[in-house]
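J.: would you be able to build a 3D model of this:
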Amino acid sequence: MTTTDAPVAAPADLALMEPVLRRGRSFLDRAMMPGDENELRLNALLAAAAERGLDGVVIFGAAHLPENLGYYANYTPTTFHGALVARTGEQPVLFAGKGGARDHPYIRTVSWVGDLRYAAAIGPAVVEVADSWSSPWKRLGVAGLDTTLPHHVRDDIVAALGDRYEPVDDIVSAHRRAKSAREIAVLTTAHDIAQRAAEAAVDAYDRGAGRRTALAAADFTARAGDAHDCRITARTETGGTASLSEVRDDRGPLAAVVAVEYLGYWGMAAIRLGRATAPADAPIDAVVARMRPGVTLSDALGADAGDFLVNGIGCAPAEAPPAGPGQATAPIAGADQAAPSAGAGQADAALRRHDVLAIVHLGSAPDGPDVGVRTVVIDEAGARSLR
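T.: Modelled structure (predicted):
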C-alpha cells in the first residue's frame, strides 16, 4: 500500500514530529520555477542597489526566516543561518553551513548559485568575498541583518562591515510584493494543496473522527500531496487561537486555517468542522468587489475592518502588502515574524497590480467562532480569486 493509499486518520500528535517533517520533502520543480527566475530577481536587486551607490548586496536568512534566501537563491537554511553575497559582474557566493559542506551536494540540486561555501564566522567571510572582487568596494546593501539573525551573529557581521553597509530591506520587500506569472502559478498549486487538506479534514470528521484527528488528517494529506510545510491554527471558543496539538479530540464544532508551503510559496484554506451553517462568504465577497489597483485596503475593508486579517502571501504566509501604522500577526502557527497584517485602523497602503492577498474573515456563528479564507490576485480589472 502506498502512502497516498493509506488511511487519512494520521496520528493526532504530528506536531511532535514537525522538526523532522518540516523540510523533509524539499525539492525544486524546474519546469514550474526554473533557476533563471531567482537569478533575474538578484540582478534586479543589484540594479536597484547600484542606484543608491552601493557596490553589492548581502542577503541574510535563517532556518526560521528563510524567505529572502529562498526568493533570491532558492535555498532554505536547515540549521543556523546563511548569506548570499553578490555584485554585478561577479559570481555570487552562497554561505550555507557553519562547519562543513555536508549539505552542499543537495543544495546544488535546488539552488542556481554555483559557489557554495561554509563559514563559522559569517561576518569576516562576507568581507573576504567582497575583498576578492576585481575592483574595490565601499558600501554594501544588506537585507535581513536586523530581522533574521541571532544578536551575536548580527554583532559579528556589524563588527566586520563597520559603517560600510546600508539596509535594502525596503527594496527586497517591494520586489517580493509584485508577483510574476510563475510565482502566481506556484501560489495556485499551494492553494490547491491547502484546499485538498481542508477537504480531508472535513471528510475525516464526517466519518466520525474527532476534531484533532480530523486536523491531523489535513496535515497528513498536505504533506503527502508534496507540501514542504503545513501549519494549522484553530480558533478557540473564546476567539483565541490554538495549535493542532492543543485541540481536544472531541466532536465539537471547529473553525481553523490551514497554511501549506510548496516550492517556497504558501497557500491557505479554511477548515470548518461540524458547522450547521454554510460558510459566510458574503463579507469576503464585498471586500473583494471593492479591491482594485489604487484603492487603499482600508477603503476595501470598509466598516467591518476589525473582522478581517489581510496581508500579502508569497514566500511567507504573511508578508507585505500592506504595512499600515499598526500591525497584527496573521493567525498562522509559526508566523512569528510579526509580518504586517491589516485590520481596523491599520490599512492605508494602496493596492497594486500583481499583489497577491490572503483575506481571512474572523466571523462568528451560532455554534462558535467561524473563519473564512480567500486568496486573490489584483489585476487591472480588480481582484480575482486563485482558481
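J.: start to end distance for stretch 159-177?
T.: When the termini of stretch 159-177 are compared using Cα to Cα, to the nearest Å, they are 31 Å apart.
J.: one more: stretch 234-252?
T.: 13 Å.
J.: any idea how far it is from the chain center?
T.: When distances are taken as Cα atoms, centre = their mean, to the nearest Å, stretch 234-252 is centred 23 Å away from the chain's centroid.
J.: show the average pLDDT along it.
T.: Mean pLDDT, computed over stretch 234-252, is 90.
J.: residues in contact with the residue nearest to residue 159 when sequence neighbours are not counted?
T.: Leaving aside its sequence neighbours, residue 159 sits nearest to residue 123 (Cβ to Cβ, 6 or more residues apart in numbering; 6.2 Å). (Each C-beta comes from the backbone N, C-alpha and C, glycine too.) Listed by Cβ atoms under 8 Å, 6 or more residues apart in numbering, the contact partners of residue 123 are 153, 156, 157, 158, 159, 160, 161.
J.: now do 10 Å
T.: Residue 123 is in contact with 58, 83, 153, 154, 155, 156, 157, 158, 159, 160, 161, counting by Cβ atoms under 10 Å, 6 or more residues apart in numbering.
J.: quick one, phi/psi of the residue nearest to residue 185 when sequence neighbours are not counted?
T.: Nearest residue to residue 185, sequence neighbours excluded (Cβ to Cβ, 6+ apart): residue 32, at 6.2 Å. Dihedral pair for residue 32: phi -90, psi -40, per degrees, to the nearest 10.
J.: okay, now residue 32: neighbour count?
T.: Residue 32: 14 surrounding residues under other Cβ atoms under 10 Å.
J.: show me what contacts it?
T.: 182, 183, 185, 186, 189, 262, 263.
J.: separation between it and residue 304?
T.: 37 Å (Cβ to Cβ, to the nearest Å).
J.: from residue 379, how far off is the residue nearest to residue 185?
T.: For residue 32, the distance to residue 379 - Cβ to Cβ - is 21 Å.
J.: residue 272 - that's part of a helix, no?
T.: No - counting by DSSP: H, G, I helix; E, B strand; the rest coil, residue 272 is not part of a helix but strand.
J.: residue contacts, it?
T.: 198, 201-202, 205, 253-256, 278-280, 365, 370-372.
J.: which of those fall in helices?
T.: 198, 201, 202, 205 (DSSP state H).
J.: count of neighbours near the last one?
T.: Around residue 205 there are 23 other residues, counting by other Cβ under 10 Å.
J.: the second one too?
T.: In terms of burial, residue 201 registers 30 neighbours under the definition other Cβ under 10 Å.
J.: for it, which non-adjacent residue is spatially closest?
T.: Per Cβ to Cβ, 6+ apart, closest to residue 201 is residue 218, 3.9 Å.
J.: tell me what whichever strand or helix holds the one you found is packed against?
T.: Secondary structure assignment for residue 218, by DSSP states H and E: helix 211-224. Contacting helix 211-224 under the criterion 3 or more Cβ pairs under 10 Å, 6 or more residues apart in numbering; DSSP states H and E are the following elements: helix 18-21, helix 181-206, strand 229-235, strand 254-262, strand 265-273.
J.: how is this protein carved up into domains?
T.: 35-177, 181-385 (automatic domain parsing).
J.: which of those sits most buried?
T.: domain 181-385 (a mean of 20; mean count of other Cβ atoms under 10 Å).
J.: can you list phi and psi of the residue lying closest to residue 56 once chain neighbours are set aside for me?
T.: Closest residue to residue 56 apart from its sequence neighbours, by Cβ to Cβ, 6+ apart: residue 87 at 3.4 Å. Backbone geometry at residue 87, expressed as degrees, to the nearest 10, gives phi -150, psi 140.
J.: the residue nearest to residue 159: which element?
T.: helix 122-131.
J.: tell me the one of the contacts of residue 272 nearest residue 114?
T.: For the contacts of residue 272, the residue nearest residue 114 by Cβ to Cβ is residue 198; the value is 40.2 Å.
J.: can you redo the contacts of residue 32 as JSON lines with distance to residue 36?
T.: Listed next are the contacts of residue 32 as JSON lines, based on distance: Cβ to Cβ, whole Å:
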{"residue": "182", "distance to residue 36": "10"}
{"residue": "183", "distance to residue 36": "13"}
{"residue": "185", "distance to residue 36": "15"}
{"residue": "186", "distance to residue 36": "15"}
{"residue": "189", "distance to residue 36": "19"}
{"residue": "262", "distance to residue 36": "20"}
{"residue": "263", "distance to residue 36": "15"}
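J.: check the residues you listed and tell me the two furthest apart.
T.: Top of the distance list for the contacts of residue 32 (Cβ to Cβ): 182 and 262, 13.1 Å.
J.: quick revisit: now, the contacts of residue 123 that are in helices?
T.: Using DSSP H, those in helices are 153, 154, 155, 156, 157, 158, 159, 160, 161.
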